[in-house]
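Undergrad: build me a structure from this.
(one chain, ligands or ions: 1)
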Amino acid sequence: MIELRGLTKRYGERLAVDDVTVTVRPGVVTGFLGPNGAGKSTTMRMVLGLDRPTSGTALVNGRPYAEHRDPLRQVGALLEARALHPGRTARAHLQVLAATAGLPRTRVDAVLELAGLTSVAGKRVGGFSLGMGQRLGVATALLGDPATVVLDEPVNGLDPDGVLWIRTLARRLAAEGRTVFFSSHLMAEMAVTADHLVVMGRGRLVADVPTAEFIRRAGGDGVRVRSTRAAELAGLLAGPDVVVESAETGVLLVRGVGPEVVGDRAAQAGIAVHELTPVQASLEEAFMALTADEREYRTEEQPA
Ligand SMILES: Nc1ncnc2c1ncn2[C@@H]1O[C@H](COP(=O)(O)OP(=O)(O)OP(=O)(O)O)[C@@H](O)[C@H]1O
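TA: Numbers count the residues shown, from 1 in each chain. Next up, the predicted model:
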């Protein structure tokens, strides 16, 4: 579990993280979204004790990171900037870490296997591709069999196989009851991987909601209806929770009721319908709508 309470980080005049209070729960995959410069990396660094909050607290499994006596067993992290000794093999890299943290050597082979790196375990990491380096980063994060896993942009540089691997792994780790908190710029990836979303914009918390709810808030799912009697049908569908828009002549976009209701009402009135298509709002649209203010502000603030 990660608990942020009034978490704030100021760099000179800039409030990188502004009074953020949020709980990242175990058992679900939580995605961390926000435009560039929103404060995601700074927040993750404070969770991991790499940056000191100006005010507020960041607790991991009930304590600040620095107060844990066995930090690698508590939280595993993959951060964007990783320093790897290029001359070391993948196995040696993990063995050094395991020895330093007092972890059993068996964990090294276990995470090499988990990350699909067993066949290249004896190769020097200096020759690793970005994707292999990313897999080694994830293996490193999981070395201590941690209850909480923090991954900053884990799918960066991964091929489609690697992306699928991260998705499956994140879901498995959550199903095992761990807290999984990961950031990504790939909205489509978030939509299929994250159960819950924490969204930041300009240092502030913009949303802390289930993924489905996030999409619904920004317009939600709808039904596209085509009929020569569209205006008449729009009148029949009108209601307090129903929004009917007309995208083009003879076409309606209906929100608030499902395709069954639209079809039934049309049939009852004897109105022929030539198209009835459920339309899902994309996570990308939802994200853009929710963070528009934050991005506009930043553009004004930092002219290119
Ligand atoms: N060490 C630092 N000194 C000064 N300002 C910093 C420092 N680290 C971050 N910032 C500023 O704090 C703000 C938040 O940055 P941060 O890297 O946390 O954002 P982010 O959401 O991770 O962005 P990105 O997606 O681009 O990585 C930015 O305006 C950044 O310029």
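
Undergrad: C-alpha only now, for contacts and for neighbours.
TA: Will do.

Undergrad: near the ligand, which residues of the chain show up?
TA: 11, 16, 34-42 (CA under 6 Å from any ligand atom).

Undergrad: filter those down to the buried ones.
TA: For the residues of the chain next to the ligand, burial is judged from neighbour counts taken by 16 or more other CA atoms under 10 Å, and it is met by 16, 34-35, 37-42.

Undergrad: okay, these in CSV with pLDDT and secondary structure next?
TA: As requested, those are arranged in CSV below (pLDDT from 0 to 100; DSSP: H, G, I helix; E, B strand; the rest coil):
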residue, pLDDT, secondary structure
16, 96, strand
34, 85, coil
35, 81, coil
37, 85, coil
38, 89, coil
39, 93, coil
40, 92, helix
41, 91, helix
42, 94, helix
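
Undergrad: now those as TSV including distance to residue 242?
TA: Compiled in TSV, these are given as follows (distance: CA to CA, whole Å):
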residue	distance to residue 242
16	39
34	30
35	31
37	37
38	34
39	37
40	36
41	40
42	41
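
Undergrad: pick the one among those residues closest to residue 113.
TA: Comparing these against residue 113 with CA to CA picks out residue 41 as the nearest, at 28.4 Å.

Undergrad: roughly how far does that closest one sit from residue 187?
TA: When distances are taken as CA to CA, to the nearest Å, residue 41 and residue 187 turn out to be 17 Å apart.

Undergrad: just residue 285 next, same as before
TA: In this structure, residue 285 and residue 187 are 9 Å apart, going by CA to CA.

Undergrad: just the element for the closest residue to residue 76 other than its chain neighbours, please.
TA: The spatially closest residue to residue 76, leaving aside those adjacent along the chain, is residue 141, at 4.1 Å (CA to CA, 6 or more residues apart in numbering). In this structure, residue 141 is located in helix 130-142 according to DSSP states H and E.

Undergrad: return the set of buried residues in the strand or helix carrying residue 151.
TA: Secondary-structure element containing residue 151, defined by DSSP H and E: strand 148-152. Of the residues in strand 148-152, 148-152 count as buried by neighbour count, 16+ other CA under 10 Å.

Undergrad: what average pLDDT does that strand get?
TA: Over the span of strand 148-152, the pLDDT mean works out to 95.

Undergrad: quick one: the very next helix or strand once past that strand to strand 148-152, angle?
TA: Proceeding N to C from strand 148-152, the next assigned helix or strand is helix 160-175, under DSSP H and E. Per axes from the mean of the first three to the mean of the last three CA atoms, to 10 degrees, the angle that helix 160-175 makes with strand 148-152 is 150 degrees.

Undergrad: check which residues of the next helix or strand after helix 160-175 are buried.
TA: Beyond helix 160-175 in the direction of the C-terminus, DSSP H and E gives the next helix or strand as strand 179-183. Along strand 179-183, the positions that meet the burial threshold by neighbour count (16+ other CA under 10 Å) are 179-183.
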